[in-house]
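J.: Got a sequence here, can you build the structure:
(2 chains)
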Amino acid sequence: MPRANTREKEAYRKLSIKASPPRPILRNAVVAFLVGGAICLVGQIILSWISSTGIGRVQALSRTQTIMVFLGAFFTGLGLYDRLGAFAGMGAAIPITGFANSIVSPAMEFKREGFILGVSARMFQVAGPVIVYSFVASLAVSSAVLILAR
Amino acid sequence: MIFIRAFIVGGILCALAQVVLDSTKVNPAVIMVSAACTGAILSGLGLYGTLVSYAGAGAAVPLFGFGHTLVQGMMEDVAREGWFGLFTGGFRASSAALTGAVVFGYLMAVLFNPKG
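T.: This is a model prediction of the structure:
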């Protein structure tokens, strides 16, 4: 296959940038703000409700996160969360409900490949990297704080 | 009012992630990973803890809060049992969210089928 010459490639790249519609950055940011804010508001309502039972702050936060994970997984199962994600982008993906969505969505999709290599292996397609990098980063940050505090 | 603060702070964190996604064209998964790592760094600087006490779930529910939870857990365990706390604190502090994610995630994936 003859290789396209670089000047042609460059011209094509410029043309395709000019031809593609401008990405609506502002519209996307506003929608992400509203949807992400609303999800956090739901989380805050749950947090305030749990805190009112007189439980400790840290426990109340982790219970809230667990309930939000449940809600994210449940609404993904119903097929609603993926639609919200298509509409709101990061507004649906960044809250911890989106983390649950990133687990359930591929797991359901790959059910036909079986329960071991399909469902349970695909669950961590996105959640796996999130867990790996946040543990590595947190260990590095905590070590740095310890060393600097000495 | 804590509810308004949670809405605004949570919304701003999501909008920031959206702007980064739109202006870099990277995969959304990369943004999710970066958010958790950014939370860990801000937590180490002592900033994210302040944000959580200001905005409650507005800071704890976004993925940034996951990195913060890990760092906080590690530091707590280090204070209690020395440097080995680095290896125990992360999973201890995030155990509820992670167990929920694994169990509920599996359950929902088994119970439901993809739509459309």
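J.: use CA for all of it now, contacts and neighbours both
T.: Fine.
J.: can you list the weak-confidence ranges in the chain?
T.: Just so you know, I chose chain A. Applying pLDDT under 70 to chain A flags residues A:1-4, A:21-23.
J.: switch to chain B, that's the one I care about
T.: B:116.
J.: And the helices in it?
T.: Remark: helices assigned in chain B by DSSP state H are B:2-24, B:28-44, B:47-55, B:57-60, B:64-81, B:85-111.
J.: Quick check: nearest residue in space to the residue nearest the centre of chain B, chain neighbours excluded?
T.: Note on chain B: the residue nearest the mean C-alpha position is residue B:66, at 2.2 Å, using Cα atoms, centre = their mean. Nearest residue to residue B:66, sequence neighbours excluded (Cα to Cα, 6 or more residues apart in numbering or on different chains): residue B:36, at 5.8 Å.
J.: List the contacts of that neighbour.
T.: Neighbour list for residue B:36: A:130, A:133-134, B:63-68 [criterion: Cα atoms under 8 Å, 6 or more residues apart in numbering or on different chains].
J.: make it 6 Å
T.: For residue B:36, the contacting residues are A:134, B:63-64, B:66-67, by Cα atoms under 6 Å, 6 or more residues apart in numbering or on different chains.
J.: likewise residue B:33?
T.: Counting by Cα under 6 Å, 6+ apart, residue B:33 touches residue A:130.
J.: Geometric centre of chain A: which residue is closest?
T.: What sits nearest the mean C-alpha location of chain A, by Cα atoms, centre = their mean, is residue A:93, with 3.4 Å.
J.: Pull up the residues of chain B that are close to chain A.
T.: Residues of chain B lying near chain A by Cα under 6 Å from any Cα of the partner chain: B:6-8, B:10-12, B:14-15, B:18, B:33, B:36-37, B:40, B:44, B:57-58, B:61-63, B:67, B:71, B:96-97, B:100-101, B:104-105, B:108-109, B:112-115.
J.: can you pick the most crowded of the contacts of residue B:36?
T.: Highest neighbour count within the contacts of residue B:36, by other Cα atoms under 10 Å in any protein chain shown: residue B:67, with 35 neighbours.
J.: Wait, that one touches residue B:42, no?
T.: No. Between residue B:67 and residue B:42 there is no contact under Cα atoms under 6 Å: 8.8 Å.
J.: and residue B:109, how far is that from residue B:46?
T.: To residue B:46, residue B:109 is 38 Å away according to Cα to Cα, to the nearest Å.
J.: Among the two, which residue is more densely surrounded?
T.: In this view residue B:109 and residue B:46 are compared by other Cα under 10 Å, and residue B:109 has more residues nearby, 28 against 14.
J.: Give me the buried positions along the host helix or strand of residue A:137.
T.: Using DSSP states H and E, residue A:137 sits in helix A:124-149. Buried positions in helix A:124-149, judged by neighbour count with 16 or more other Cα atoms under 10 Å in any protein chain shown: A:124-128, A:130-131, A:133-135, A:137-143, A:145.
J.: Please list which of those residues are also close to chain B.
T.: Okay, of the buried residues of helix A:124-149 touching chain B (Cα under 6 Å from any Cα), that's A:130, A:134, A:137-138, A:141-142.
J.: okay, now the closest residue to residue A:34 other than its chain neighbours: neighbour count?
T.: Closest residue to residue A:34 apart from its sequence neighbours, by Cα to Cα, 6+ apart: residue B:11 at 6.0 Å. Burial measure for residue B:11: 32 neighbouring residues, criterion other Cα under 10 Å.
J.: mind listing what residue B:68 touches?
T.: Residue B:68 sits next to B:39-40, B:43 when contact means Cα under 6 Å, 6+ apart.
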